[in-house]
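Participant: test case, fold it:
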Amino acid sequence: MNISINILEVASELADLKVHEVFENNGLKSHVLDTENDCYIYTELGQDVFNEWYAYYYEFLESMQE
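Facilitator: The predicted model follows:
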């Protein structure tokens, strides 16, 4: 069975979930500066965590392509 996904979008969504998880599990205060208009602006640490996990998920999903 083949499915089509937007790797950029899926990697971004997964990385965002991981940011929430990391901050909650470590008792860190907040990972966003502004949530106006449903747009997240991450703190510097939040952005670093996002970037790390985005790269991980992107590379993983890309490696799964046929």
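Participant: backbone dihedrals for Tyr42, please?
Facilitator: Main-chain dihedrals, Tyr42, degrees, to the nearest 10: phi -70, psi 150.
Participant: can you offset everything so residue one is 52?
Facilitator: Got it, the first residue is 52 from now on, which makes the last one we talked about Tyr93.
Participant: that one against His82, yeah?
Facilitator: Yes. Counting by Cβ atoms under 8 Å, Tyr93 touches His82, with 5.9 Å between them. For glycine as for every other residue, the C-beta is placed from the backbone atoms N, C-alpha and C.
Participant: any common contacting residues for the two?
Facilitator: Among the neighbours of Tyr93, those also in contact with His82 (Cβ atoms under 8 Å, 6 or more residues apart in numbering) are Val70.
Participant: now do Gly97 against Val83, distance only.
Facilitator: 6 Å (Cβ to Cβ, to the nearest Å).
Participant: out of these two, which sits in the busier spot?
Facilitator: More neighbours surround Gly97 than the other of Gly97 and Val83, with 21 against 15 (other Cβ atoms under 10 Å).
Participant: for that one, what are its contacts?
Facilitator: So Gly97 contacts Val70, Phe74, Ser81, His82, Val83 (Cβ under 8 Å, 6+ apart).
Participant: identify, from the residues you listed, the entry nearest to Ser114.
Facilitator: Val70 (22.3 Å; Cβ to Cβ).
Participant: which element is the most centrally placed residue in the chain on?
Facilitator: Central residue of the chain (Cα atoms, centre = their mean): Ala66, 1.7 Å from the mean position. Assessed by DSSP states H and E, Ala66 sits inside helix 58-76.
Participant: can you pull the buried residues of that helix?
Facilitator: Going by neighbour count (16 or more other Cβ atoms under 10 Å), the buried part of helix 58-76 is Ala62, Ser63, Leu65, Ala66, Asp67, Lys69, Val70, Val73, Phe74.
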